[in-house]
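>>> how does the following fold in three dimensions:
(chains A and B)
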Amino acid sequence: MSRSGPLYTLAAGAVLAVGLGVASTAASPAIQQVAAAQDATSTATDTAGTATDATGPAVAAQDGTQTAPATEVTTSATPEPSDTTPKKADYAGVAQGNGGLVAIAVRNGKAVAYFCDGRIEAWLKGTAENNTITLEGKNSLITAALGGGKAQGKIQVGKAKWRFAAPVVKKPSGLYRATAIVRGAKIVGGWILLPNGQEVGRVQIDGNGEPAPAFVPGTALDYYGVPLSPQDPDAFIDSL
Amino acid sequence: MTHTQAVPRQTVMPLLVPLVAGGLVAVALGVYGRTHAPTGFAVGVAGFSGPLAMKAWLTTGAALLAVVQVLSSLAMWGKIKVRGTWVAPLHRWSGRIAFLLTIPVALHCLYALGAQFDVPRVLAHSLLGCFFYGVFTAKMLALPKRGLPGWTLPVLGGLLFTALTGLWVTSSFWFFTTIGVRF
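Purely as a prediction, here's the structure:
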């Protein structure tokens, strides 16, 4: 037997590891950019969503891009006139310098948020008062000011910090979460959809995360044969 | 210089460097997995529906080759009556391929996820993974040395097989029984 054979084996393993590592560093995050055709579909769905929303309560209050006056009007009718924090609002935008997406949902003083750039993700929860939201998650923190039809602030995930300005969005854009327990393993999926059709999402199973299958609102997903039904924040904000 | 000694003296001294190097590798992998920020993404082998499935199947491939390792080493040591010039190359190449199959898996585990201790399964998997590469390094460095105690390779090989089996049970077996046998 060649004496250096085992050393070549070790070296081959090291070279393969370094090669894959370099390739991984160079690869870009998995945020899906929309093609023109998909964008059209998304807009169509958007319109349908608006029609649905018109029949529902409070959601209509956040319609349109110039929502600042609307927000003020809606909230001035609340029992606490001093606090103009929206009772119900959804925000979604891009983390500047990272390209990942941030989505925030505010419901009656509670706030939940999800950050995902296709590789790393974070679920956060916290409070919304005095038009300020503060949310915490595992190794993550969001502080933002609400107003002018957007949530503007900072997100920290691990040691990285980014600024973001997330405009108000309405269904089908925004934040979605799906959970399932399969034979003792907990599956948690998160998706953020922007009005321009940009989408990102990840699924975790017992802490093992990977990019989520693409999600079309109103449809169910198949994750390795496990059916997942992503829900909007109304459905999960109290259980997060 | 075996021609000057009919029977080389067997001491554990030549084992010192391989064992220390292996220990350092195991600790370094653990520290790296614990301290760096998980990227959540790593380039792997294409053709699977996701990194989880990729890892489950590559690990299964390595585990099957590990069975070949045990059988071929038993033949090399005369414990089973199979003889042939192909046995030793089979042992070497099945081992090499098994090792290379584990690399994309370990890279995804360590680079994308990091060492985690939240769930018993994940804790055991993280520790076994670091241990596996430590023992593998020790065995590769010990192989070219002469005058090692006779138990060196069986013990290191046995530890490798045990660690890999544990890694398979805490990952692939879990995946196949929890999610299903899926590609």
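>>> CA atoms for contacts and neighbours, from now on please.
Fine.
>>> the residue of chain A found nearest chain B: what secondary structure?
Of all residues in chain A, the one sitting closest to chain B is A:Arg119 (4.3 Å; C-alpha to the nearest C-alpha). Judged by DSSP: H, G, I helix; E, B strand; the rest coil, the three-state class of A:Arg119 is coil.
>>> that one contacts A:Ala212, correct?
No - the criterion here is C-alpha atoms under 8 Å, and A:Arg119 misses it with A:Ala212 at 10.3 Å.
>>> find the residues that touch each one of those two.
A:Arg202 (C-alpha atoms under 8 Å, 6 or more residues apart in numbering or on different chains).
>>> of the two, who's got more company?
Neighbour count, other C-alpha atoms under 10 Å in any protein chain shown: between A:Arg119 and A:Ala212, A:Arg119 has more, with 23 against 20.
>>> which element, helix or strand, includes the spatially closest residue to that one that is not a sequence neighbour?
Closest residue to A:Arg119 apart from its sequence neighbours, by C-alpha to C-alpha, 6 or more residues apart in numbering or on different chains: B:Gly40 at 4.3 Å. Counting by DSSP states H and E, no helix or strand carries B:Gly40.
>>> what residues are up against B:Gly40?
Counting by C-alpha under 8 Å, 6+ apart, B:Gly40 has contacts A:Gly118, A:Arg119, A:Ile120, A:Gly209, A:Glu210, B:Tyr111, B:Ala112, B:Leu113.
>>> now swap in B:Pro38 and tell me
A:Ile120, B:Leu110, B:Tyr111, B:Ala112, B:Leu113, B:Gly114.
>>> can you show me the helices along chain A?
A:5-26, A:36-55, A:68-76, A:233-236 (DSSP state H).
>>> name the element B:Ala138 belongs to?
helix B:120-142.
>>> just the pLDDT at B:Gly47, thanks.
pLDDT for B:Gly47: 78.
>>> which ones are touching it?
Taking C-alpha under 8 Å, 6+ apart, one finds nothing in contact with B:Gly47.
>>> and with 10 Å instead?
Neighbouring residues of B:Gly47 by C-alpha atoms under 10 Å, 6 or more residues apart in numbering or on different chains: B:Ala53, B:Met54, B:Phe183.
>>> ok, of these, which come out buried?
B:Ala53, B:Met54 (16 or more other C-alpha atoms under 10 Å in any protein chain shown).
>>> in TSV: the contacts of B:Gly47, plus secondary structure and pLDDT.
Shown next, in TSV, are the contacts of B:Gly47 (DSSP: H, G, I helix; E, B strand; the rest coil; pLDDT from 0 to 100):
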residue	secondary structure	pLDDT
B:Ala53	helix	88
B:Met54	helix	90
B:Phe183	coil	83
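>>> so which of the contacts of B:Gly47 are also by chain A?
B:Ala53, B:Phe183 (C-alpha under 10 Å from any C-alpha of the partner chain).
>>> good, wrapping up.
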